[in-house]
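Undergrad: All I have is the shape, not the residue letters:
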Ligand SMILES: C[S@@+](CC[C@H](N)C(=O)[O-])C[C@H]1O[C@@H](n2cnc3c(N)ncnc32)[C@H](O)[C@@H]1O
């Protein structure tokens, strides 16, 4: 009996050794029954949300947003240098790209989105304000098309929970950062069940940590400065 147990254990260990950390697709799980706001694909237990279509552009540019989300408080907390190179990943209409660009007179913003319509709006709004240091980049769902080892900060505001390939995106972010670079996630607090935001469009700190730490990042700090969102900063 003991011999059988031992043999079973050895087979299991062998299986784990061969396949344990090889196939990244194993991190994903697909379920038939799921939240209608999600795509039915789960990363480490979290269902990924449908991304916001470009018809939601008006909502991103709504005037009460300044009062509701306090974007300047967030950007002040990042302590950016005027020469920094910053990625606005999941930039949408460029609400944050434009505010970043004004803080980086000798630097630049790489504004990435997967929807060409969003990038068109982003470029029109930036041109209206005569902003010239935003470079729009059309990413794909699993690759933001960023240059290697060349950015100081990758900022993701209300975007990461929509990434259909979070694991691949985190790895691409790791590739794009300079040594000491920061990945900054701003997500509505999933711990607050009273917050009137759809469940899949919020994230808990525990889940954020689980996902980013699984890909080799560590949490540098979490700032609770904003009314409804966490600011979590990860580094390699
Ligand atoms: C809710 S909007 C937020 C836009 C902007 N960050 C803001 O706060 O105003 C999320 C954006 O992320 C984009 N997005 C979703 N998945 C993406 C991916 N894999 N790569 C880049 N952008 C993505 C969507 O197209 C959408 O424009």
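TA: Cool, the structure landed. In this text, all values refer to a predicted model and were calculated from it rather than measured experimentally.
Undergrad: Now residue 218, what are its backbone angles?
TA: As for residue 218, its main-chain torsions (degrees, to the nearest 10) stand at phi -130, psi 150.
Undergrad: Neighbours of it, how many?
TA: Residue 218 has 10 neighbours, counted by other CB atoms under 10 Å. In this view, the C-beta of every residue, glycine as well, is placed from N, C-alpha and C.
Undergrad: what's the neighbour count on the nearest residue to it once chain neighbours are set aside?
TA: Computed as CB to CB, 6 or more residues apart in numbering, the closest residue to residue 218 that is not its neighbour in sequence is residue 235, at 6.3 Å. Residue 235 has 15 neighbours, counted by other CB under 10 Å.
Undergrad: Report the separation between residue 235 and the ligand.
TA: From residue 235 over to the ligand the distance is 21 Å, taken as CB to the nearest ligand atom, to the nearest Å.
Undergrad: What's the separation between that residue and residue 152?
TA: Residue 235 sits 11 Å away from residue 152, going by CB to CB, to the nearest Å.
Undergrad: overlap in contacts of those two?
TA: Taking CB atoms under 8 Å, 6 or more residues apart in numbering as the criterion, residue 235 and residue 152 both touch 181, 182.
Undergrad: if we can go back for a sec, these two touch, right, the residue nearest to residue 218 and residue 220?
TA: Yes - in this structure, residue 235 is within contact of residue 220 by CB atoms under 8 Å, at 4.9 Å.
Undergrad: anything in contact with each of these two?
TA: Contacts common to residue 235 and residue 220, judged by CB under 8 Å, 6+ apart, are residue 182.
Undergrad: Return the residues in contact with the spatially most central residue of the chain.
TA: Nearest to the mean C-alpha position of the chain, by CA atoms, centre = their mean, lies residue 160 at 2.9 Å. If you count contacts by CB under 8 Å, 6+ apart, residue 160 has them with 90, 166, 169, 185, 187, 203.
Undergrad: Now do the same for it: its pLDDT.
TA: On pLDDT, residue 160 comes in at 98.
Undergrad: So what does it look like in phi/psi?
TA: phi -60, psi -40.
Undergrad: ditto for residue 143
TA: Dihedral angles (degrees, to the nearest 10) for residue 143: phi -150, psi 120.
Undergrad: neighbours around it, how many?
TA: Neighbours of residue 143 using other CB under 10 Å come to 15.
Undergrad: Identify the bridge partners of it.
TA: In this entry, residue 143 is beta-bridged to residue 140, by DSSP bridges.
Undergrad: which other residues reach the one helix or strand residue 111 maps to?
TA: For residue 111, the element it lies in under DSSP states H and E is strand 108-113. With CB under 8 Å, 6+ apart as the test, strand 108-113 has contacts from 85-92, 94, 97, 100-101, 119, 122, 133-139, 144-146, 151.
Undergrad: List only buried entries from these.
TA: Taking 16 or more other CB atoms under 10 Å as the criterion, what is buried in the contacts of strand 108-113 is 85-92, 94, 97, 100-101, 119, 122, 133-134, 136-137, 139, 144, 146, 151.
Undergrad: Those residues: which ones sit near the ligand?
TA: Contacts with the ligand within these, counted by CB under 6 Å from any ligand atom: 89, 90, 91, 92, 139, 144.
Undergrad: ok, for the fourth one, nearest residue in space, not its chain neighbours?
TA: In space, and not counting its chain neighbours, residue 92 is closest to residue 60: 4.9 Å by CB to CB, 6+ apart.
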